[in-house]
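**Q** Okay, sequence plus prediction incoming.
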Amino acid sequence: MTKEQRVALYPGTFDPLTLGHFDIISRAVKLVDHLVIGVATNSSKTALFTMEERVAMIRHDVAPLAGNGHASIEVKSFKGLLIEFAQQVGAKVIVRGLRAVSDFEYEFQMVGMNQRLRSDIETVFLMADPHHQAIASRLVKEIALLGGDVTSFTSPHVANILRERAKHLGATK
């Protein structure tokens with residue numbers, strides 16, 4: 001009897017990838033056989049990085065997590081309905097990170113809608129590590145653009161890219 005591969009999808013805009021995201025990814029790879037990190041286009045948000053830049057940053061940072069008994073990892077971009085993308089990649093589970101009660105209220109609504117669209121795909125919530133609960137990509141971008149130090153919120157690789165982008169955009173310090 002062959003075991004069906006457990007595929008999960010962890011979606012987000014990841015603009016940029018933070019240590020909070022990385023924490024959720026590093027725990028999710030222990031729970032499934034294959035993790036797809038879905039990098040979304042969100043028309044209601046202004047992205048600092050292109051889709052290609054975000055995908056490249058994530059691939060760089062998560063590469064060490066795959067293997068050694070953990071899930072294989074794939075990073076893919078998508079636009080459109082999350083639930084349709086989950087179906088396309090064969091995910092039976094959507095992984096979502098929660099930082100605060102306000103996250104739960106939004107996510108609760110999303111789960112209800114997604115269940116109505118595809119009842120065979122479950123959503124699993126992972127609580128953010130308390131050390132990372134205050135980290136939000138929006139705030140990390142703001143700190144970087146104002147010339148602040150983001151090294152405690154992102155990987156060194158992402159911090160360098162943020163620093164360069166902020167310089168290019170004329171960050172103030």
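**A** Structure's in. What do you need? Residues are numbered from 1 along each chain as shown.
**Q** Centre of the chain to stretch 9-18, how far?
**A** Centroid displacement of stretch 9-18 relative to its chain, using CA atoms, centre = their mean, to the nearest Å, is 2 Å.
**Q** now do stretch 48-63
**A** For stretch 48-63, the distance to the chain centre is 10 Å (CA atoms, centre = their mean).
**Q** what's downstream of the helix or strand harbouring residue 57, the next helix or strand?
**A** Taking DSSP states H and E as the definition, one finds residue 57 inside helix 51-62. Next along the chain after helix 51-62, taking DSSP H and E as the criterion, comes strand 72-78.
**Q** For that next one, buried residues please.
**A** Residues 73-75, 78 are the ones in strand 72-78 that count as buried (16 or more other CB atoms under 10 Å). For every residue, glycine as well, the C-beta is placed using N, CA and C.
**Q** re the thing from before, ok, and for the helix holding residue 57, which residues are buried?
**A** 51, 54-55, 57-58, 61-62.
**Q** Does residue 11 fall in a helix, a strand, or a coil region?
**A** strand (DSSP: H, G, I helix; E, B strand; the rest coil).
**Q** Tell me how far it lies from residue 53.
**A** 18 Å (CB to CB, to the nearest Å).
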